[in-house]
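Novice: I need the structure of the sequence given here:
(2 chains)
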Amino acid sequence: MAQHTFRVNGESVTVDVADDVRLLWVLRDVLGITGPKYGCGINVCKACTSHLNGKAFNPCSVQVKDVGPDDEITTIEGLPDTVGADLHPMQEAWLQRDVAQCGYCQPGQIMAAVALVRKVRAEGRAITDDDLDGIRNVCRCGTYTRIREAIRDGAERM
Amino acid sequence: MTTTPGHPHAQSSVRAHGSPPDGISRRRFIGFVVAGATLTVAAEVGGAAPASAAVPSAPQVPELYDLGDLQTHSALPTSQLITITVDDHGLAHFAIPRMEVGQGITTAAAMIIADELSMRVEDVRVTLAPARPELVFNQLTGGSNTMQSMFTPIRVAAAVARGALLEAAATALGATVASLVAKGGVVTAPDGGTRTYAELSGAAASSTTTAVDVELTATSSFDVIGTPRSRIDALDAVTGRKRFTMDLDVPDALPTMVCRPPTLNGSPRSVDNLAAVRALPGVTDVVVVDTGVAVRAETFGQCIDAVRALRVTWDGGPVEGESDDSVLRRLKAAELPMTVPKVPLLAQTVDLRFEFMFRSSAALEPNCAIADVRDDRATVWAGLKAPIVAQRNIAKALGLPIARVAVNVVTGGGSFGHKLFGDAAIEAAKISRAMGKPVKLMWHRADEPRQGRTHPMATSRIRATLLAGEVLTFEQRHTSIKTDFSHGLGERLTAMASELPAGLGNLGLAESIFTLTQELPYDFGVVTQLLGEVDMGFNTGSMRNIYSPDVACANELFIDQLAKKLRKDPLAFRLAFLRNERVKACLRKVAEVGQWGRSMPSGTAQGIAIHSEYKGATAVLVEIDCRPETVNRQVRDAVTGPRVTKAVIAIDAGLVVNPRGLEAQMMGGVSDGIALALTSSNHLQDGHFLEASWDNYFYTRQWNVPLTFECIVMPSDAELPGGAGEAGVAASVAATACAYARATGTVPTRFPVNHGTVSFTPKTFVPPVPPSPTDGLAHTY
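Specialist: Modelled structure (predicted):
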């Protein structure tokens, strides 16, 4: 066992866990942060999508030893705080469109959407259908159309 | 929730559901005010509608209950009822004896209660009831039946509550009940005096259980039902607060996974390195169970590592050595013969045969369950659509009385038929018993397509005869790997009945279900549709819409060929032969909205199809692009292929409780339909399925989503809701297949159309799960 210190949702945390345990399990099984979901464990379904220093990443595929005290992990639980509100504009767009069905993939979808909007904005352009086509998050309920609408809506609100 | 003994005569003499006796208004029903300190009301769920002749008779009572249960329940005449409680905060509580899996039944139930009780939807709390064996046939979520079976009972219970609240208000406000107005949880008297439900709850409560005659409000005066509402759990879903089974914090229920066999349903013979694996970091327990070798550890990541480290010798399973082709040969050999009636010599014959591959019904949330098994009792938490059956099977597996097994139903991360079975719950209970500790069991994603339930492989052969522009005969022989129905299906076809001896085997039941679900709404002369089954030991189950996606796909493709033979337009042909006005209305609507017949470039085409089921009708129009530049478009590690560019679906679902929820179900149905027609299947090779994750199993992804989607909810004057959850799938598969055939000029006969290409390198079978990646930081954006 080894101690690892990093930041989650605005707070510094220290966990006592083996170096190679993937962050998804550190978040879920050790810290009890359950917003990021397991859907495949091999960085394919993207249900665990969260942010590392503001960029989308998948904690199922990162060992705890690879993050340090200055690294900030944001999960869906911490997303509203990044804008100092009860809800992030993308979450509001999700509610407006009533996107979720079972809801299992939606934390990851929202985190992916926020990162996509930021990325496209940094490139100085608007979201295209190709951008939306490139989102890899699986939704087995098939809410894809509402996801696309909500991302465009959320981008305007952001 | 308060229930206490009441009048023994009450339940035998009343029916709170179904057709009321002659002479009583169609909206008059009887419910109960249940004894207690707060207002609790009740109604009978489901009711005992008479079974049709084709359906097996109900099981004998002793098989469901022993004498002790009977004594307990005979003292509780309202125990088999569903109850609504209005508490002293003015909130209405209802534990629905169904499972929410994303289909929106908790939202719909809240809307029904809010409407009948004249209160805000936000003030209704709907939770999922645990297994309640006394409900017998009335706690099964399937067949898109929840709103059909629960609409009236929920309304009756809410109406009883409303009546009790109004009576209490009349006393408190010194007014007559008839003069009071209830709105938003507040009752107002003519003189302006008011009382809230919160204030009235205690006074409205009764010290005895009393049967009450209620009249439901007219459907024309609904003000919540029929309006678009967002889901009651939407905020929890978008904030990550929604709790699924694996998110529950049950003390000491540590992560647990199973090392599974390389072949389907194989079993462990011996383990070479038990001690070494028990010593791995984080691992607390390793035990051999019938399905494999279970490991329990501090984290799921360490479970995965332990599963990969195990060295197990396996016995092969029942389908060792089998492959797609060998199963197809078995199906072909089992196809029932056509029984062509005598037709004139000049008649033309059209004969086509379609094949449908195995498909995984797994949801995004994999099979999972928490079990805490002690010597004399067990508690289980899981997503279960048939919790009574699961409870019975867990009790049987543990050798415990049913009453000592508590089964909590947890909202599911999708189901699509997968959670009809208690596979994970039963396995978790066995593992907890073997380890002597609580466990939180999760299947690895790889376990799902490889060992989990599948929609069975099937073939559909259709032959029709034509003469002088008329269809004289239409014969269909659907032949399928056996579908496991031991979860029960609806109130009338029960799990217990399917397991009864004396000729009520699964085949008879399956044929009954096939017959009860297949409707060909065309005037095609002599029509016969028969089901044949082959049992080879696969893990199967009903996948969103059971037989219909395959059957409708075959039928509608075939019908396009009949139209072609008669030189008729597919839309005109259908309208000429359809005999169901609701289906025709849907078809005309999608043709109009989707601009049927518009000019399109070569390599692209429209397809149109219909389906009739769940007391409703659907029609779908899609446009597909099969041009090489589209088919070969590149998305990293993705199967692209033909793209459905537009989908228009019209649904007549009878009385619609929540049109926004219904549209959501249609969106999902279209997404499923596209996958079933074009991309999603399991490949069986040498006794195992090759697929192991979402990069192998090609459910619809964003790059295959229609750029235009439109859903039209058809107006209906029906008094009751039809089905929604499964209703959008069948016509969507069919329309996509028809469009593909028209765009390419080739009628596809094997589904999905890309099944012939294995477009991935199969992951290892030993170990059975892939390693957890470590390069996540190289893929941020």
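
Novice: counting neighbours, what do you get for the residue in the stretch 601-750 of chain B that chain A sits nearest to?
Specialist: Closest contact between the stretch 601-750 of chain B and chain A, by CB to the nearest CB, is at residue B:671 (2.6 Å). Bear in mind the C-beta positions are built from the backbone N, C-alpha and C, glycine included. As a burial measure, the neighbour count of residue B:671 was computed by other CB atoms under 10 Å in any protein chain shown and equals 29.

Novice: now for it: which residues touch it?
Specialist: By CB atoms under 8 Å, 6 or more residues apart in numbering or on different chains, the contact set of residue B:671 is A:139, A:141, A:142, A:144, B:700, B:705.

Novice: ok, now residue A:73?
Specialist: Residues counted as contacts of residue A:73 (CB under 8 Å, 6+ apart) are A:6, A:7, A:8, A:9, A:23, A:27, A:50, A:51, A:52, A:59, A:67.

Novice: and those near chain B, which?
Specialist: Contacts with chain B are made by A:23, A:52, A:59 out of these, judged by CB under 8 Å from any CB of the partner chain.

Novice: in strands, which of the contacts of residue A:73 fall?
Specialist: Using DSSP state E, the members of those that fall in strands are A:6, A:7, A:8, A:50, A:51, A:52.

Novice: compare these and tell me which is most surrounded.
Specialist: Each of the ones in strands among the contacts of residue A:73 was scored by neighbour count (other CB under 10 Å); the top score is that of residue A:50, with 31 neighbours.

Novice: low-confidence stretches in the stretch 351-500 of chain B?
Specialist: Where the stretch 351-500 of chain B drops to pLDDT under 70, the residues are B:488-500.

Novice: and it, which residues reach chain A?
Specialist: Neighbours of chain A within the stretch 351-500 of chain B, by CB under 8 Å from any CB: B:362-366, B:411-416, B:442, B:444-445.

Novice: quickly name whichever of the contacts of residue B:671 is closest to residue B:712.
Specialist: Closest to residue B:712 out of those is residue A:142 (17.9 Å), distances taken as CB to CB.

Novice: checking the closest one next. Helix, strand or coil?
Specialist: Here residue A:142 is recorded as coil under DSSP: H, G, I helix; E, B strand; the rest coil.

Novice: need phi/psi at the nearest residue to it once chain neighbours are set aside.
Specialist: Ranked by CB to CB, 6 or more residues apart in numbering or on different chains and with sequence neighbours excluded, the top spatial neighbour of residue A:142 is residue B:671, at 2.6 Å. In this entry, residue B:671 is assigned phi and psi values of phi -60, psi -40 (degrees, to the nearest 10).

Novice: quick one: the residue nearest in space to the middle of chain A and residue A:75, what's the gap?
Specialist: For chain A, the residue whose C-alpha lies nearest the mean C-alpha position (CA atoms, centre = their mean) is residue A:50; its distance is 2.6 Å. According to CB to CB, to the nearest Å, residue A:50 stands 5 Å off from residue A:75.

Novice: stretch A:80-93: end-to-end distance?
Specialist: Start and end residues of stretch A:80-93 are separated by 13 Å (CA to CA, to the nearest Å).

Novice: for chain B, longest strand please?
Specialist: Determined from DSSP E, the single longest strand within chain B is strand B:470-481.

Novice: now find how far off-centre that one is within its chain.
Specialist: With CA atoms, centre = their mean, to the nearest Å as the basis, strand B:470-481 stands 27 Å off its chain's centre.

Novice: which parts of it are buried?
Specialist: Judged by neighbour count (16 or more other CB atoms under 10 Å in any protein chain shown), strand B:470-481 contains these buried residues: B:471, B:472, B:473, B:474, B:475, B:476, B:477, B:478, B:479, B:480, B:481.

Novice: contact partners for the fifth one?
Specialist: Spelled out, it's residue B:475. Contact analysis of residue B:475 by CB under 8 Å, 6+ apart lists B:338, B:339, B:340, B:462, B:463, B:464, B:527, B:528, B:529.

Novice: list just the nearest of the ones next to chain B among the contacts of residue A:73 to residue B:575.
Specialist: Nearest to residue B:575 among the ones next to chain B among the contacts of residue A:73, with distances taken as CB to CB, is residue A:59, at 54.1 Å.

Novice: enumerate the beta-bridge partners assigned to the residue nearest to the centre of chain A.
Specialist: Assessed by DSSP bridges, residue A:50 has beta-bridge partners residue A:57.

Novice: surely it and residue A:74 touch.
Specialist: Yes: assessed by CB atoms under 8 Å, residue A:50 is found in contact with residue A:74 at 6.2 Å.

Novice: which neighbours do these two have in common?
Specialist: Contact criterion CB under 8 Å, 6+ apart; residues shared by residue A:50 and residue A:74: residue A:111.

Novice: domains in chain B, by residue range?
Specialist: B:10-239, B:245-318+B:367-442, B:324-358+B:454-751 (automatic domain parsing).

Novice: quick one, strands of the stretch 551-700 of chain B?
Specialist: When assigned using DSSP state E, counting those that start in this stretch, the strands of the stretch 551-700 of chain B occupy the ranges B:604-613, B:616-625, B:643-652, B:684-685, B:688-689.

Novice: winner for burial among those?
Specialist: Each of these was scored by mean neighbour count; the highest is strand B:616-625, a mean of 29, by mean count of other CB atoms under 10 Å in any protein chain shown.

Novice: returning to that earlier point: got a markdown table for the strands of the stretch 551-700 of chain B, with distance to chain A too?
Specialist: What follows is these, written out as a markdown table (distance: least, CB to the nearest CB, whole Å):
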| stretch | distance to chain A |
| --- | --- |
| strand B:604-613 | 17 |
| strand B:616-625 | 13 |
| strand B:643-652 | 9 |
| strand B:684-685 | 21 |
| strand B:688-689 | 16 |
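
Novice: what's the nearest residue to the residue in the stretch 351-500 of chain B positioned nearest to chain A if we skip its chain neighbours?
Specialist: Nearest to chain A in the stretch 351-500 of chain B, going by CB to the nearest CB, is residue B:413, at a distance of 3.1 Å. Excluding the flanking residues, the one nearest residue B:413 by CB to CB, 6+ apart is residue B:365, at 2.6 Å.

Novice: how close does the residue nearest to residue A:142 sit to residue B:730?
Specialist: As it turns out, when the distance is counted by CB to CB, residue B:671 lies 14 Å from residue B:730.

Novice: hang on, the earlier thing: is the residue of the stretch 351-500 of chain B closest to chain A in a helix, a strand, or coil?
Specialist: Counting by three-state DSSP, the backbone at residue B:413 sits in coil.

Novice: the longest helix seen in chain A - what's its average pLDDT?
Specialist: Taking DSSP state H as the assignment, the helix of chain A that covers the most residues is helix A:106-122. Confidence for helix A:106-122, expressed as mean pLDDT, is 98.

Novice: confirm residue B:125 sits in a strand?
Specialist: Yes: for residue B:125, which was evaluated using three-state DSSP, the result is membership in a strand.

Novice: residues in contact with it?
Specialist: With contacts defined as CB under 8 Å, 6+ apart, the neighbours of residue B:125 are B:91, B:92, B:93, B:94, B:110.

Novice: helices along chain A, start to end?
Specialist: A:23-25, A:89-97, A:106-122, A:129-133, A:144-157.

Novice: deepest of these, which one?
Specialist: Highest mean neighbour count of these: helix A:23-25, a mean of 28 (counted as mean count of other CB under 10 Å).

Novice: other SSEs contacting it?
Specialist: Secondary-structure packing of helix A:23-25 (3 or more CB pairs under 8 Å, 6 or more residues apart in numbering or on different chains; DSSP states H and E): helix B:300-309.

Novice: the helix it packs on: how far from the chain's middle?
Specialist: When distances are taken as CA atoms, centre = their mean, helix B:300-309 is centred 32 Å away from the chain's centroid.

Novice: now it: buried residues?
Specialist: Of the residues in helix B:300-309, those buried by neighbour count under the rule 16+ other CB under 10 Å are B:300, B:301, B:302, B:303, B:304, B:305, B:306, B:307, B:308, B:309.
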